[in-house]
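Participant: just the structure for this:
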Amino acid sequence: MRLILAALSLLLGVGLSDPALAQLATAPSGLEFRGGILAHDVPGLWSGFRLESGVDINAELLFGAGMPFLGGTIRPAVGATVNTEGYTSRVYIDARWEYQTPSGIFFGLGLGGTVHDGLLDPTDPDKKALGSRILFHIPIEIGLRLDDRRSISVYFEHMSNAFLFDSNEGLDSIGVRYGYKF
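Facilitator: Reported below is the predicted structural model:
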């Protein structure tokens, strides 16, 4: 967690101090790939206690220039987060709102759905009981555009059934990602 906070501080410091980044366009455009490494089922975030472990590999595509909304843009995203130790993996689709400052710092927030391969009921004490195969997916991201094609970011994703089913342990992952616009 300290490493992620240090990376976020570095992003903000570099973004606020580099005047060349102010020349970047403020709205994303075209197809963009983002991918990275996430800590799986991190305790103390949204979902509470930790049951699962490991590292997640995340890959995502964001599409199009987006639709203007509240000073930013909304565009579709599809992705997958795969756990390297056999715990819960998932694929998702979101509507992603993103706002970018003139200095290149961006903030993203999404809402969508995910399908996972984890447990539905509490039948294994080492795995999350998620209650439903289809869950809500909520990503949050803050990052820095390095130039007109590349970015780095801190990425958080939460998935749960919003208490629509008896079991709803939820799952949170957080880590770093690299982005590339085509």
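
Participant: burial measure for the spatially closest residue to Ser160 that is not a sequence neighbour, as a count.
Facilitator: Nearest residue to Ser160 in three dimensions, chain neighbours excluded: Gly170, at 3.5 Å (Cβ to Cβ, 6 or more residues apart in numbering). The way it works is simple: take the backbone N, C-alpha and C, and place the C-beta from them, glycine included. As a burial measure, Gly170 scores 22 neighbours (other Cβ atoms under 10 Å).

Participant: Lys181 now?
Facilitator: The tally of other residues near Lys181 (other Cβ under 10 Å) stands at 17.

Participant: give the buried residues for the helix or strand harbouring Ile57.
Facilitator: Taking DSSP states H and E as the criterion, the element that holds Ile57 is strand 55-62. Buried residues in strand 55-62, counting neighbours by 16 or more other Cβ atoms under 10 Å, are found at 56, 58, 60, 62.

Participant: check stretch 166-178 too.
Facilitator: Buried residues in stretch 166-178, counting neighbours by 16+ other Cβ under 10 Å, are found at 167-177.

Participant: low-scoring stretches of the chain, by residue?
Facilitator: Residues of the chain that meet the criterion pLDDT under 70 lie in 1-29, 48.

Participant: list phi and psi for Leu76.
Facilitator: One correction, residue 76 is Pro, not Leu. Dihedral angles of Pro76 (phi, psi; degrees, to the nearest 10) stand at phi -80, psi 150.

Participant: change the start of the numbering to 17 and stick with it
Facilitator: In the new count, where the first residue is 17, that last one comes out as Pro92.

Participant: show me what contacts it?
Facilitator: If you count contacts by Cβ atoms under 8 Å, 6 or more residues apart in numbering, Pro92 has them with 78-80, 109-112.

Participant: these in strands, which ones?
Facilitator: For these, the ones inside strands are 78, 109-112, with DSSP state E as the criterion.

Participant: whichever of those residues end up buried, select them in ChimeraX.
Facilitator: In ChimeraX, this line selects whichever of the ones in strands among the contacts of Pro92 come out buried by 16+ other Cβ under 10 Å:
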select :78,110,112
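
Participant: let me have the ones in strands among the contacts of Pro92 in JSON lines, extended by distance to Glu173.
Facilitator: What follows is these, written out as JSON lines (distance: Cβ to Cβ, whole Å):
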{"residue": "Leu78", "distance to Glu173": "14"}
{"residue": "Ile109", "distance to Glu173": "13"}
{"residue": "Asp110", "distance to Glu173": "9"}
{"residue": "Ala111", "distance to Glu173": "14"}
{"residue": "Arg112", "distance to Glu173": "11"}
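
Participant: ends of stretch 142-162, how far apart?
Facilitator: 40 Å (Cα to Cα, to the nearest Å).

Participant: next, count neighbours for Val98.
Facilitator: Val98 has 16 neighbouring residues, counting by other Cβ under 10 Å.
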